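In: Pasting the sequence and the predicted model now:
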Amino acid sequence: MERRPDEAAREGLEDAPAMPDVDLTVPSIARVYDYVLGGKEHFEIDRRVSAALFQAVPESRQLAADNRGLLGRAVGYLVGEAGIRQILDLGSGLPTEGNVHEIAHRIDPSVRVLYVDIDPLVLAHGRALLSNEDTTEVITADIRDVDGLFDNAAVRKLIDPTQPFAVIASGIFHHFSDDQDPYALADAVKARLSPGSLFFISNFLDDDEPRARDMQRAFLEGGLGTGRFRTWDEQRRFFDGLEMVEPGLVYANDWRPDERTPAESPTHTLYAGGIGRKP
Ligand SMILES: C[S@@+](CC[C@H](N)C(=O)[O-])C[C@H]1O[C@@H](n2cnc3c(N)ncnc32)[C@H](O)[C@@H]1O
């Protein structure tokens, strides 16, 4: 990478948090994704993994962009149309363009946003970006421990579970294998939702085309070891027990497209998402 992550985060920040030690021999999902998105926080090992992805699907950058576009529109809906004022973002990733709190705060600066990620670099870079800790926080946690998560002091400070809130699981469940049972994880999250709460979920899609399998192979065998493309039926299971918000679970770019949504994306059929409402 051009700069050490500590240099990037510390620029102009005397009291920036200490940077975590990073094992340069192990790729990280957050850094690989940052590289594919065109960001700056990645190492050689992450770029090597990404090369396998680009070889499988040369338009992988568009896939990441489609995902970010969908996330942005979903946040716009959650805060704008649905009136949500508290958001828990699971597997939030490194800060990038159009972060969840920025989109939310353009609509209402009082919206509370809590970012959760297992990668300690996300905390280091996220803290450097945030200016108002009354409304927005970043924590390092493993979202598979749902009880521990909802017991976390930052979650209890920012999320009032008796009121409707939104949970975002954008591009995260596909990083759990079937053995890790992401459906049970989704169920545990849904059990915590108060009535009227909304759950946004998006994932890699296996729409029965070879590129999905090629890319899954690149993810699983190209060094990262995670990245499961799931069928429509598999994806629907994540929403079991919820009422789907229109237009339901659809291709990423078909979910409430706006003027910036590409009319024809080369990766249109490789990604899907939707929002479910807890009755
Ligand atoms: C592909 S990125 C998605 C980032 C962002 N949500 C988006 O859609 O643009 C997946 C993120 O999930 C995080 N992650 C993976 N496993 C996790 C876990 N068990 N607990 C918390 N975060 C996790 C990774 O560190 C990474 O930042």
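Out: Nice, I can see it.
In: Give me the below-cutoff pLDDT ranges for the stretch 101-250 of the chain.
Out: 131 (pLDDT under 70).
In: which residues does the residue lying closest to Pro195 once chain neighbours are set aside contact?
Out: In space, and not counting its chain neighbours, Pro195 is closest to Lys278: 5.8 Å by Cβ to Cβ, 6 or more residues apart in numbering. Bear in mind the C-beta positions are built from the backbone N, C-alpha and C, glycine included. Residues near Lys278 by Cβ atoms under 8 Å, 6 or more residues apart in numbering: Lys190, Leu193, Ser194, Pro195, Gly196, Ser197, Leu198, Phe199, Gly241, Leu242.
In: do you know how far Lys278 is from Ala186?
Out: Remark: distance between Lys278 and Ala186 (Cβ to Cβ, to the nearest Å) = 12 Å.
In: quick one: common contacting residues for these two?
Out: Here Lys278 and Ala186 have Phe199 as joint contacts, going by Cβ under 8 Å, 6+ apart.
In: near the ligand, which residues of the chain show up?
Out: 29-30, 33, 67-68, 71, 91-93, 116-119, 122, 142-144, 170-172, 175 (Cβ under 6 Å from any ligand atom).
In: Could you rerun that using 8 Å?
Out: 28-30, 32-33, 37, 64, 67-68, 71, 89-94, 96, 116-119, 122, 141-144, 168-172, 175-176, 202, 226 (Cβ under 8 Å from any ligand atom).
In: Looking at those residues, which are in helices?
Out: Ile29, Ala30, Val32, Tyr33, Ala64, Asn67, Arg68, Leu71, Val122 (DSSP state H).
In: Quick check: the farthest pair among those?
Out: Greatest spatial distance among these (Cβ to Cβ): Val32 and Leu71, at 17.3 Å.
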